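Chemist: Sequence and computational prediction follow.
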Amino acid sequence: MSGGQFDYLQNRISDCALDVKDVAENYNDTCTQETTNKIRECYATLEKAGKMLQRVDWFISGDDGEESFNRRWKEDKVYESDL
């Protein structure tokens, strides 16, 4: 798959998500549970955004057709109801 319509921003978003996850794990003892939960929510949102952008990238690049786009979207567990 080639993609690249977004200059591979999805990869940077996914990398950033992992960094945020590390923050949540490393600061768990130094902040409240509420704050830790918000940082984890940020991680989950970024992770999902990276997956979503990957799917759209491959679709508009012609690497995936509509059928495979929708199938992969579901496989990645990116559901519209989660938005």
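Modeler: Noted; the coordinates are in hand. On a predicted model such as this, the values are computed, not experimentally measured, just so you know.
Chemist: Name the residues of the lengthiest helix in the chain that are buried.
Modeler: Counting residues, the longest helix in the chain under DSSP state H turns out to be helix 33-60. Residues 36, 39-40, 42-43, 46-59 are the ones in helix 33-60 that count as buried (16 or more other Cβ atoms under 10 Å). All C-beta atoms are positioned from the backbone trio N, CA, C, and that covers glycine.
Chemist: continuing past it, what's the next helix or strand?
Modeler: Following helix 33-60 in sequence order, the next helix or strand is helix 66-75 (DSSP states H and E).
Chemist: how many neighbours does residue 75 have?
Modeler: 11 (other Cβ atoms under 10 Å).
Chemist: roughly how far out does the longest helix of the chain sit from the chain middle?
Modeler: Relative to its chain's centre, helix 33-60 lies at 3 Å (Cα atoms, centre = their mean, to the nearest Å).
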